[in-house]
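>>> Give me coordinates for this.
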Amino acid sequence: MNEQRTRPSHHFHMQRLLATTSILTAVILIGALFFAIYHTTSAQFDLKMTRFSDPETIQLRPPFPSPGETVTATLISPNDLKSSYIIWSVDGTVVQQSNNGVSYTFTAKNAGVRTSLVATASGGSSPSIVVTKDFFINNVILLWEAKTYTPPLYPGRALLGPGGEATVVVVPTIYTATGGIYDPNVLMYTWRVDANATPLTEGLGITSVTVKNDQLFKPVRVSVNIADTQGIVLATKFIEIPIIQPKIILYEDSRLSGTRYANALRGEYSLTTAEVTLIAEPYFMSAKKRDDETLSYAWQIGSLTQGNSGSIVLRPEGVGGGRAGLSLVVTNKSYLAQRIRGELSILFTSQASTKSANPNTTPL
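Next up is the predicted model:
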């Protein structure tokens, strides 16, 4: 028996192809629909979480407290907390509880000590909330010294005169979230002077800056913001540098014992020897040394004038006693606002009347 096979027609092939294409199209459309629904739902969920997660916070004033500083913590919430009963805890110990007690004031601990604040609000028209803030107390120190003149072995700090410059150095001890200490060289520093919005300088590891007093007798305010490399501010600090008028102080210079810095001369000075040398020390002038070329000295005794020198030699003439007025004007040619004058009365008698004074506080 012979078996006969019939080949399918061209029309039949076309029908099968169209059916297969329709099935694939339906599968693709269904997949795309599920993909769109899933991602739309995910996007809505993520948006909701971003918008409404953790709206309550604890705000500190100052935001970066130093050791021993008085700090006020305030519970911030979009809800009305006026009728809420709020409990504050520090390191697990309840320290305050009251109606509408949204703020709590405390003293910052020592540097490097971790503090855990917990605020619990309940009752009232708002839902109950618990907010926690953990932080370490940092210690940021700003040191400064003016670029002004002081005599050798002077125990005090060089102070800033009008128009002068000063160097400010920051010494940061800033703790990480795990209690480690940041390397100062890997932190970002932004320095500002007075109320200027534009930074004086900023950058990685800039721990010192030179500032100039452009407003003469107004104190200079220097601030620094310290941040990590992601731009998150970790600490802020500021100081105000006072401006003082430079001082002229005269001392007797002995060939045997040198300059007698323990005895500043003021008021009256008795000349009892055949010759004496007096030197002038221009405290807090913007100069590197007493005989700096930027300083101009103008001495006058009676009607006589002395040349440009930081010292003068006095010799009594004639017989008997007498009195003569000695004056000195020191001018800084580079800083015209630094011009000071001093006077001393010279007595030509056998009775000494030299007075001792602290050179740090007593001008000529």
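
>>> mind listing what residue 286 touches?
Contacts for residue 286 were tallied using CB atoms under 8 Å, 6 or more residues apart in numbering; they are 147-149, 161, 163-165, 294, 332, 334-335, 338. In short, each C-beta sits where N, CA and C put it, glycine included.

>>> Revised request: answer the last question for residue 125.
Shown in contact with residue 125 (CB under 8 Å, 6+ apart): 80, 83.

>>> Just the buried residues of the contacts of residue 286.
Buried by 16 or more other CB atoms under 10 Å: 147-149, 161, 163-165, 332, 335, 338, out of those.

>>> Strands - which of those land there?
165, 332 (DSSP state E).

>>> Export the buried ones among the contacts of residue 286 as TSV, with columns for distance to residue 125.
Putting these into TSV (distance: CB to CB, whole Å) gives the following:
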residue	distance to residue 125
147	62
148	63
149	68
161	62
163	61
164	60
165	59
332	69
335	65
338	66
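
>>> Quick one: the helices in the chain, in order.
According to DSSP state H, the chain carries its helices in the segments 10-52.

>>> sorry, back to before: in the buried ones among the contacts of residue 286, find the pair that's most separated.
Largest separation among those by CB to CB: 149 and 163, giving 14.2 Å.

>>> For the buried ones among the contacts of residue 286, give me TSV that also has pLDDT.
Below are the buried ones among the contacts of residue 286 laid out as TSV (pLDDT from 0 to 100):
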residue	pLDDT
147	95
148	96
149	96
161	93
163	91
164	93
165	95
332	94
335	89
338	93
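
>>> which of the buried ones among the contacts of residue 286 lies closest to residue 216?
residue 163 (6.4 Å).

>>> and this protein, what are its domains?
Under automatic domain parsing, the residue ranges defining each domain of the chain are 57-136, 139-241, 247-347.

>>> Return the distance of the shortest one from the chain's centre.
This points to domain 57-136. 27 Å (CA atoms, centre = their mean, to the nearest Å).

>>> What average pLDDT does that domain get?
For domain 57-136, mean pLDDT is 93.

>>> Now residue 222: closest residue in space that isn't a chain neighbour?
residue 168 (5.1 Å; CB to CB, 6 or more residues apart in numbering).

>>> right, and that neighbour touches residue 209 too?
Yes: counting by CB atoms under 8 Å, residue 209 is a contact partner of residue 168 at 5.4 Å.

>>> Which neighbours do those two have in common?
191, 222.

>>> If residue 130 is in a bridge, with which residues?
residue 120 (DSSP bridges).

>>> check contacts around it.
118-121.

>>> Going by neighbour count, which of these comes out on top?
residue 119 (27 neighbours; other CB atoms under 10 Å).

>>> ok, the residue nearest to residue 103 when sequence neighbours are not counted - contacts?
Spatially, and ignoring its direct neighbours in sequence, residue 103 is nearest to residue 74 (4.7 Å; CB to CB, 6+ apart). Contacts here follow CB under 8 Å, 6+ apart; on that basis residue 74 touches 58-59, 61, 102-103.

>>> if you set the cut-off to 6 Å instead, what comes out?
By CB atoms under 6 Å, 6 or more residues apart in numbering, the contact list for residue 74 reads 59, 102-103.

>>> Low-confidence stretches in the stretch 201-350 of the chain?
For the stretch 201-350 of the chain, applying pLDDT under 70 flags the ranges 318-320, 349-350.

>>> Look up how far residue 85 lies from the residue nearest to residue 103.
As judged by CB to CB, to the nearest Å, residue 74 and residue 85 stand 17 Å apart.

>>> go on, residue 276?
The value you get for residue 276 to residue 85, if CB to CB is used, is 81 Å.

>>> Farthest-apart pair in the contacts of residue 286, please.
149 and 163 (14.2 Å).

>>> thinking again about what came up before, distance to residue 282 for the contacts of residue 286 - can I get that in JSON lines?
Formatted as JSON lines, the contacts of residue 286 follow (distance: CB to CB, whole Å):
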{"residue": "147", "distance to residue 282": "14"}
{"residue": "148", "distance to residue 282": "9"}
{"residue": "149", "distance to residue 282": "6"}
{"residue": "161", "distance to residue 282": "10"}
{"residue": "163", "distance to residue 282": "14"}
{"residue": "164", "distance to residue 282": "12"}
{"residue": "165", "distance to residue 282": "16"}
{"residue": "294", "distance to residue 282": "10"}
{"residue": "332", "distance to residue 282": "8"}
{"residue": "334", "distance to residue 282": "13"}
{"residue": "335", "distance to residue 282": "12"}
{"residue": "338", "distance to residue 282": "9"}
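
>>> The residue nearest to residue 103 pairs with what?
With DSSP bridges as the rule, residue 74 is bridged to residue 59, residue 103.

>>> going forward can the numbers begin at 763, since that is how I track them
Got it, first residue is 763 now, which makes that one residue 836.

>>> could you measure it against residue 984, distance?
Going from residue 836 to residue 984 by CB to CB gives 28 Å.

>>> Residue 950 too?
Counting by CB to CB - residue 950 and residue 984 are separated by 17 Å.

>>> Looking at the two, which is more packed in?
Using other CB under 10 Å, the more surrounded residue of residue 950 and residue 984 is residue 984, with 22 against 19.

>>> Thought residue 856 was touching residue 850, still the case?
No: look at residue 850 against residue 856 with CB atoms under 6 Å: they stay out of range, at 7.2 Å.

>>> Of these two, which one has the most company?
More crowded of residue 850 and residue 856, by other CB under 10 Å: residue 850, with 23 against 11.

>>> who's that one bridged to?
Beta-bridge partners, per DSSP bridges, of residue 850: residue 858, residue 881.

>>> Contact partners for it?
Applying CB under 6 Å, 6+ apart, the residues near residue 850 are 857-858, 866, 881.
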